Each structure stands twice: as C-alpha cells, then as structure tokens.
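Participant: pasting a predicted model and its sequence here:
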Amino acid sequence: MLPGQRVSGEPPPLAVTTSRDDDVVVLTAVGEIDAATIGRFRTELSGACVTGKRVVLDLSGVGFLSCAGLHALEEANAASPRFSVIVKTALVSRILDVSGVGADLDVWRDVEDVLI
C-alpha cells in the first residue's frame, strides 16, 4: 500500500458532523485536519459561521491540527460573532498554545459548559 492510501472500509481521515439548536451551530470534527482534509473542514466551518449566531467547534476527536487548520480557526473566529472551540487532547492544546492562536480563541474543555 502506498502512503496516503486507506484500507477499504477504513473511516475517512476527517469526519465533520453538524447539529443545530436555535441559533447555535455545533460542529464536531473527528480525525486529522491537514492538507488532505482542510478543504472539507474549511467549507463546513465557514458554512456554520454564516448560518449560526453562535458556533461551537468540538475538536475533542482531532488527533492532528495543521497550520492550515489553525488559519481556518482564525478565519472562523473573525467571521462568527461568537466562536468557541472545545479542546480535550494534549496535542491540539499544545498546537494552539505554541502557535499563539489559542490566545485569541474562546477555548473550553466541554460542550456543555459553553452552552450554559
């Protein structure tokens, strides 16, 4: 098998689901946000920022976040009146901290806490 090829039946490298409750859009990303998946991620995220007055992005299931993913977070933060990010993994938390992007984001550990 060549690098980048998936085994048949293997889940895609990134899955993004959306749920809506009134004016709140919750996006849940699972997988990796990198060069192969940034297009889909950016499309889903920008769509949520247009339709929701509040956007909550749950990155709890994300194992890797590239520079392009960081840039998409910055764009969403600028576009959405209220943008929050859920981060539970040490790796994604570290990426946000080291890059400095996390300082400008509303970062939480649990979706339930944000929606209070």
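Facilitator: Looks like it came in fine. As the structure is a prediction and not an experimental result, all values here were calculated from the model.
Participant: run a quick neighbour tally on W108.
Facilitator: A count of nearby residues for W108, using other Cβ atoms under 10 Å, gives 17. Every residue, glycine included, has its C-beta placed from N, CA and C.
Participant: which residues touch it?
Facilitator: W108 makes contact with 84-87, 114 under the criterion Cβ atoms under 8 Å, 6 or more residues apart in numbering.
Participant: any idea how far the residue nearest to it when sequence neighbours are not counted lies from V26?
Facilitator: Distance criterion Cβ to Cβ, 6 or more residues apart in numbering; nearest residue to W108, sequence neighbours excluded, is V114 at 4.9 Å. For V114, the distance to V26 equals 9 Å [Cβ to Cβ, to the nearest Å].
Participant: this structure: strands as residue ranges?
Facilitator: Here the chain has its strands, by DSSP state E, at 14-21, 24-33, 54-65, 82-86, 106-108.
Participant: could you dump those strands to TSV with distance to A72?
Facilitator: What follows is these, written out as TSV (distance: least, Cβ to Cβ, whole Å):
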stretch	distance to A72
strand 14-21	12
strand 24-33	8
strand 54-65	9
strand 82-86	11
strand 106-108	15
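Participant: for these, which one sits closest to L96?
Facilitator: strand 106-108 (6.8 Å; Cβ to Cβ).
Participant: how much space between the nearest residue to R82 once chain neighbours are set aside and V24?
Facilitator: Nearest non-adjacent residue to R82, counting by Cβ to Cβ, 6+ apart: R54, 4.1 Å away. Separation of R54 from V24 (Cβ to Cβ): 5 Å.
Participant: before we move on, back to that, now render the strands of the chain as a markdown table, adding distance to H71 and mean pLDDT.
Facilitator: Conversion of these to a markdown table gives the following (distance: least, Cβ to Cβ, whole Å; pLDDT from 0 to 100):
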| stretch | distance to H71 | mean pLDDT |
| --- | --- | --- |
| strand 14-21 | 16 | 93 |
| strand 24-33 | 11 | 95 |
| strand 54-65 | 11 | 95 |
| strand 82-86 | 14 | 97 |
| strand 106-108 | 17 | 97 |
